[in-house]
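Novice: Below is the structure, and that's it, no one-letter string:
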Ligand SMILES: CC(C)(COP(=O)(O)OP(=O)(O)OC[C@H]1O[C@@H](n2cnc3c(N)ncnc32)[C@H](O)[C@@H]1OP(=O)(O)O)[C@@H](O)C(=O)NCCC(=O)NCCS
């Protein structure tokens, strides 16, 4: 009699909620203070507007708001969570971790947690880390938040970056998956030789804050856009192909690719390389711009609410970010 190998335990996303600040900043708003135009921004990036936090809004308040919505949607209380991982490059402060602030703000009495720094791949890496806590049996309910208040680290005088980024947050709940469902595989890698192409030069132990670093505007994000663009276009497609082929799958088997949202041209080029119609790449770029760790939950929620991802569908999440960091995750939606 043939023996069947028992399926390994898996984690699944069993809840999803997001939060974006109310204030909308359009391309026309930016063109009032910067040498740019709606036409340039739309044709070069696909972005039409983004959100900006109000005074007092922080990464912790946005992440906390997304988590409150998640708990309400799943009818869970603050005592029901066991671990919380917050992916962000804009923590409220260097320490304590934003996870500690959210734990305290929401009164999550049974929850431990930490922050994870992997820039635009942060949500994906946190998902992988959180899933291991569920799969190992250590915890039943783990929350992963991707949240970034990019307006805190964007130079309002730099037209090459100020038009790209926005603020937002998303939270997912991870629990044991039903058979055949959940997170099936991941392929992540980092290439630190890209460290100077997308970074914040000062404020860490290398260049602590000083009058000179402030005068030199070194506490803002700096980017070598063309290098990052090329890297993203090749890596996103390669990463998805590697992940799919080692699972005996091809892009045609995937209902939806949910990519990190940086530039519509990167998404279209990735779709072309994969031989996928452009509408199989989820996009919310026009509305939110690049919200760093929040782009994947925002795009995922949009695709689910639109009925473009349904139970049983194969989905690939893929991201490229500062570091460089690269990652793709394969899942069967539950
Ligand atoms: C940043 C980015 C949009 C720039 O687009 P691009 O087509 O590469 O544009 P370039 O950098 O070649 O610049 C072309 C021209 O537009 C100008 N320009 C740049 N930003 C502009 C703006 N907001 N408005 C008007 N002109 C602008 C440049 O100064 C340049 O002018 P020049 O030819 O006179 O020197 C693009 O490179 C990009 O999206 N890179 C990847 C970003 C990314 O993925 N980041 C996050 C990764 S997690």
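Specialist: Arrived safely. Being a predicted model, the structure only gives us computed values, none of them experimental. Residues are numbered from 1 along each chain as shown.

Novice: who in the stretch 151-300 of the chain is up against the ligand?
Specialist: Neighbours of the ligand within the stretch 151-300 of the chain, by CB under 6 Å from any ligand atom: 159-160, 163, 223, 225-226, 228-229, 232, 262-263, 266, 290. Every residue, glycine included, has its C-beta placed from N, CA and C.

Novice: which among these end up buried?
Specialist: Among those, the ones that count as buried by 16 or more other CB atoms under 10 Å are 159, 163, 223, 228, 232, 262, 263, 266, 290.

Novice: neighbours of the nearest residue to residue 316 once chain neighbours are set aside, just the number please.
Specialist: Distance criterion CB to CB, 6 or more residues apart in numbering; nearest residue to residue 316, sequence neighbours excluded, is residue 257 at 4.9 Å. Using other CB atoms under 10 Å, residue 257 is surrounded by 25 other residues.

Novice: contacting residues around residue 257?
Specialist: By CB atoms under 8 Å, 6 or more residues apart in numbering, the contact list for residue 257 reads 240, 251, 270-271, 274, 276, 280-282, 315-318.

Novice: ok, now with 10 Å
Specialist: By CB atoms under 10 Å, 6 or more residues apart in numbering, residue 257 lies in contact with 236-237, 240, 251, 267, 270-271, 274, 276, 280-282, 299, 303, 314-318, 328.

Novice: So it lies in a strand, does it not?
Specialist: Yes: with DSSP: H, G, I helix; E, B strand; the rest coil as the criterion, residue 257 is part of a strand.

Novice: returning to that earlier point: would you format the buried ones among the residues of the stretch 151-300 of the chain next to the ligand as a markdown table with distance to residue 202 included?
Specialist: Listed next are those as a markdown table, based on distance: CB to CB, whole Å:
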| residue | distance to residue 202 |
| --- | --- |
| 159 | 21 |
| 163 | 23 |
| 223 | 15 |
| 228 | 20 |
| 232 | 25 |
| 262 | 23 |
| 263 | 26 |
| 266 | 28 |
| 290 | 22 |
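
Novice: Which of those residues fall in strands?
Specialist: Cross-referencing those against strands under DSSP state E gives residue 223.

Novice: State the pair within the buried ones among the residues of the stretch 151-300 of the chain next to the ligand that is farthest apart.
Specialist: The distance between the two most remote of these (CB to CB) is 20.1 Å, for 159 and 232.

Novice: how about the strands of the stretch 1-150 of the chain, start to end?
Specialist: Here the stretch 1-150 of the chain has its strands, by DSSP state E, counting those that start in this stretch, at 11-19, 23-26, 49-52, 83-87, 112-116, 142-149.

Novice: Pipe the ones you listed into CSV and attach distance to the ligand per row.
Specialist: Below are the strands of the stretch 1-150 of the chain laid out as CSV (distance: least, CB to the nearest ligand atom, whole Å):
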stretch, distance to the ligand
strand 11-19, 19
strand 23-26, 13
strand 49-52, 13
strand 83-87, 13
strand 112-116, 16
strand 142-149, 11
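
Novice: Burial-wise, tell me which of these comes out on top.
Specialist: Highest mean neighbour count among those (mean count of other CB atoms under 10 Å): strand 142-149, with a mean of 31.

Novice: What's the mean pLDDT across it?
Specialist: Averaged across strand 142-149, pLDDT comes to 98.

Novice: And residue 205, how far from residue 94?
Specialist: Residue 205 sits 10 Å away from residue 94, taking CB to CB, to the nearest Å as the criterion.
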